Structure formats: structure tokens, C-alpha cells
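In: Below are the sequence and a predicted model; questions follow.
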Amino acid sequence: MSFVRRVMGTLVHRAYKAIRAAGAITPASPGGTRFRRLGQGVSIAFPPGAIFGEEWIEIGADTLVGERVSLSCGMWPGADLGPDSILRIGASCSIGRGTHIVAHQSVDIGDDVFTGPYVYITDQNHVYDDPDTPIGRQWPRNSPVSIGSGSWLGAGAIVLPGTKLGRQCVVAGGAVVRGEFPDHSVVAGVPAKLVRSYDPALGWHTPGMSLAMDRQVTAS
């Protein structure tokens, strides 16, 4: 019986591996042709999350998108979002499994951006201007999002509308980010705040802290 189980287990794993390979979305696959642009070497793993609005999505060469990642443009499939792309992911990125990227106006992700699993990025949020109308029934508000090349977003980070991250930024796991942060920022917390930055003369340091104290804290 154990021999039969081993054989069946081997067959199941081989079949699932084949299904995953066949189900991946690439520039050459039928699903890949629906995107505005998929660069050479792009692979969106199977099984994917919710994907719609492909006509407004561009992904650069050699970017890997993990399984169960949702990529969407607009509020529902089939909406006309105009002539320009809405969601742009650069080249050589790695988008962690379970991540959701929800674009309505403009989400720009640079090259070589890596995310941990279950990151949420959106350029739209609900409003609560009218205290007498259910929040879910009030028309949401958009504000573009940009994430600079070379950045890293930790697991479970949330990037809210209007966020602008510079190049080579680090977002701590679980951070809730809104606002503008320059190149070489480390942001953490809820809401996220700048906790470290880089200066050519000072190296990595904590803003507002003396260099000697910063080195002492870092060493400990």
C-alpha cells in the first residue's frame, strides 16, 4: 500500500508541476496577449489572483509575479479607462505571492522592485466626506502612486494613494505608507514614518539623531 501511495504521490506532484508550468502567464501564452505589454521573460505564476484590465497593464522584461497575485485596473472588468496605461511594473521585479496591486488612475513601479508576500498597493481609497451616506456608497478618490527603482517592500506592507517612494527605499513589513519619501529612505510603522536615511557624507543614519548616538544605537 505504501508503494502505491508513493507512486500516486509522485504522479500528483508531477501533474501539479506541469499544470503550474502550463498555467503561467507569459508573453507567449494566450493570457499574455491580453496585456498592453509583457516584456521578454515575464512570468505570472499559476494560480493567479484576480486579473483584469490587462489592456492598461505593462510589465517590464524578466519580472516575476508570484502565485495568487491580483493585478487590476478599474473597478470592474470591461471598463474603458482611456488611451494610456494605468499600471506599470518595471523590469526585473519580483512581486511576492498574494500581493494585490489595484490601479484606477496611475500606479508606477520602477525596475528591480521586490515585494514580500501579501503587499497591498492602491491609488484609490474610500472617502467619508458625507456623514449621512454609507462610506462604501461614496465615490472613492484617486491619487497616483509611484515606487522608485530598487526598492523593497516587506511582507504585509500597505501603500496608500498619493504615496511617492524614491529610489532604493525600504518599507518595513506591516507598514502603512502614505506621503512622499526621498531616495534611500527606510520607513516603518502605522502610519509609516522615516526611520533611517542615507547621506553620502554621513552614510546611513537616523534623522534628528547625532551621528555618535546613531552609531551606538545601531551597534546595540
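Out: All right, it came through fine.

In: so what does the longest helix along the chain touch, helix or strand wise?
Out: Identified as the longest helix of the chain according to DSSP state H is helix 2-23. Of the remaining helices and strands, none touches helix 2-23 by 3 or more C-beta pairs under 8 Å, 6 or more residues apart in numbering; DSSP states H and E. Bear in mind the C-beta positions are built from the backbone N, C-alpha and C, glycine included.

In: Just checking: what are the partner strands of the following helix or strand past it?
Out: Going down the chain from helix 2-23, the next helix or strand is strand 37-38, by DSSP states H and E. Sheet pairing of strand 37-38 (DSSP bridges) gives strand 57-59 (parallel).

In: neighbouring contacts of the partner strand?
Out: 35-39, 42, 65, 71, 73, 85-89, 93, 103 (C-beta atoms under 8 Å, 6 or more residues apart in numbering).

In: could you point out which element follows it?
Out: strand 64-65.

In: Off-centre distance for that next one?
Out: 10 Å (C-alpha atoms, centre = their mean, to the nearest Å).

In: now that strand: mean pLDDT?
Out: Averaging pLDDT along strand 64-65 yields 98.

In: Tell me the helices and strands packed up against the longest strand that the chain contains.
Out: Longest strand in the chain, counting residues (DSSP state E): strand 193-199. For strand 193-199, the elements it packs on are strand 185-188, strand 203-205, judged by 3+ C-beta pairs under 8 Å, 6+ apart.

In: on that earlier part again, how about the longest helix of the chain: buried residues?
Out: The neighbour-count check on helix 2-23 (16 or more other C-beta atoms under 10 Å) flags nothing as buried.

In: Begin at 15, not 1, for the rest of this chat.
Out: With the count now opening at 15, the last piece we talked about shows up as helix 16-37.

In: Low-confidence ranges, this structure, go.
Out: 15, 21, 30, 222-234 (pLDDT under 70).

In: for the helices and strands packed on strand 207-213, which one ends up most surrounded?
Out: Each of the helices and strands packed on strand 207-213 was scored by mean neighbour count; the highest is strand 199-202, a mean of 22, by mean count of other C-beta atoms under 10 Å.
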